[in-house]
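Visitor: Provided below are the primary sequence and the corresponding predicted coordinates.
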Amino acid sequence: MKNRDEILQLVRDIMQEMFEIEADEVTLGARLYEDLDFDSIDAVDMIVKLKETTGKALRPEDFKNARTINDVVESVYKLIDE
């Protein structure tokens, strides 16, 4: 995973697999809580899955301010790019 498009696709796959959210709903502008009915437990589950997939230690505080799919993509991108 080298770029944001690949990370977005990974997030789409996770959202579809774990939360049964249609891939076309997972856009960069989609708001996690308002548009996708995410809650704090869903966020933790996604962090665990992203950690398994990327091999990077993702901390909940990295996502504390994430409000959109773009925020998640950017957080993962920064961790991978470190």
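Guide: Yes, it's here.
Visitor: going forward, measure contacts between C-alpha atoms and count neighbours the same way
Guide: Will do.
Visitor: ok so Lys64 is a helix residue?
Guide: No. Counting by DSSP: H, G, I helix; E, B strand; the rest coil, Lys64 is not part of a helix but coil.
Visitor: where does Leu28 fall, phi/psi-wise?
Guide: phi -60, psi -30 (degrees, to the nearest 10).
Visitor: Just give the number of residues close to it.
Guide: Using other C-alpha atoms under 10 Å, Leu28 is surrounded by 13 other residues.
Visitor: Verify the stated contact: it with Glu74.
Guide: No. Leu28 is beyond contact range of Glu74, at 10.0 Å (criterion: C-alpha atoms under 8 Å).
Visitor: what's the overlap in contacts for the two?
Guide: Counting by C-alpha atoms under 8 Å, 6 or more residues apart in numbering, Leu28 and Glu74 have no contacts in common.
Visitor: need the helices for the protein, in chain order.
Guide: 4-19, 40-54, 69-81 (DSSP state H).
Visitor: who does the longest one touch, helix- and strand-wise?
Guide: What it means is helix 4-19. Packing partners of helix 4-19 (3 or more C-alpha pairs under 8 Å, 6 or more residues apart in numbering; DSSP states H and E): helix 69-81.
Visitor: which residues are contacting the helix it packs on?
Guide: 2-4, 7-8, 11, 26-32, 54, 56, 58, 62-63, 66.
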